[in-house]
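Trainee: sequence first, then the predicted structure, then my questions.
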Amino acid sequence: MSATHGETMITIAERDKLQTFIGYGRLDAPVWFLGMEEAGGGEENLKVRAQFSQVEDLRSAHFALGIRYHHEGKKCIQPQWGRMADIMLRVHGATQPDTEDRREYQVSRLERVRDFGRRG
């Protein structure tokens, strides 16, 4: 395949590296959420992802991709992340987490290499 119209093709080495990606968070986390990886977002996006380690911090990885609106400013809740945050909040004792609880968990704790929201 050749690149056309300014497209940048990923290399075989980049493709191989992408296939080693496990996910976000920590391998020693007590809870893992398994599912399909999000859409690639085009070849430039894939080139950035090819630089990821096997396991990445969710916030840092998305900042590298130029995606900041889930962690800065309004901090939009990503639908799947909101569901994961809700589950984890309930695991930790919340009986009826609200939108702000889910938002805060998404920003500070969900799939982070370090737990930035832990208190105590």
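Mentor: Received, thanks.
Trainee: tell me the contacts of Trp32?
Mentor: Residues near Trp32 by CB atoms under 8 Å, 6 or more residues apart in numbering: 23, 25. All C-beta atoms are positioned from the backbone trio N, CA, C, and that covers glycine.
Trainee: got any ranges where this structure has weak pLDDT?
Mentor: 1-8, 37-40, 115-120 (pLDDT under 70).
Trainee: give me the phi and psi for the residue nearest the centre of it.
Mentor: For the chain, the residue nearest the mean C-alpha position is Leu58 (3.5 Å; CA atoms, centre = their mean). The phi and psi values for Leu58, taken as degrees, to the nearest 10, are phi -60, psi -50.
Trainee: show the contacting residues for it.
Mentor: Leu58 makes contacts with 24-25, 81, 110-112, as judged by CB under 8 Å, 6+ apart.
Trainee: cool, and Phe52?
Mentor: Contacts of Phe52 (CB under 8 Å, 6+ apart): 17, 21, 61, 64.
Trainee: which residues in the chain form strands?
Mentor: Secondary structure of the chain (DSSP state E): strands located at 23-24, 55-56.
Trainee: dump the contacts of Leu58 to JSON lines, plus distance to Asp101 and neighbour count.
Mentor: Putting these into JSON lines (distance: CB to CB, whole Å; neighbours: other CB atoms under 10 Å) gives the following:
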{"residue": "Tyr24", "distance to Asp101": "20", "neighbour count": "22"}
{"residue": "Gly25", "distance to Asp101": "19", "neighbour count": "20"}
{"residue": "Trp81", "distance to Asp101": "13", "neighbour count": "21"}
{"residue": "Leu110", "distance to Asp101": "12", "neighbour count": "24"}
{"residue": "Glu111", "distance to Asp101": "17", "neighbour count": "22"}
{"residue": "Arg112", "distance to Asp101": "16", "neighbour count": "19"}
